[in-house]
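In: What follows is a predicted structure for the sequence shown.
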Amino acid sequence: MCFSAQASFTSGAVLTTIGVGTFRQAGKSDRKLFAAIPSYLVCSSLLKESFGSL
């Protein structure tokens, strides 16, 4: 993200919660693949921020 590491981690935690909720609400297995996309993007962002702040 842009602002600071703290803001990135906070938004990552919020978006992870939303992604997990979306994944749980997807009923069929074909929908779960698409519901997992936000969680994947959040994990990618958090990893990038973790290694970028070293």
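Out: Looks like it arrived, so ask away.

In: any low-confidence regions in the protein?
Out: The model of the chain has pLDDT under 70 over residues 1-3, 53-54.

In: what are the ranges of the strands in it?
Out: For the chain, no strands are identified by DSSP state E.

In: Burial check on the nearest residue to residue 23 once chain neighbours are set aside, number of neighbours?
Out: Counting by Cβ to Cβ, 6 or more residues apart in numbering, residue 23 lies nearest to residue 35, which is 4.5 Å off, once chain neighbours are set aside. Every residue, glycine included, has its C-beta placed from N, CA and C. When neighbours are counted by other Cβ atoms under 10 Å, residue 35 registers 18.

In: hang on, isn't residue 35 packed against residue 21?
Out: No - counting by Cβ atoms under 8 Å, residue 35 sits too far from residue 21 to count as a contact (9.4 Å).

In: quick one: residue 4 and residue 52, what's the gap?
Out: In this view, residue 4 and residue 52 are 12 Å apart by Cβ to Cβ, to the nearest Å.
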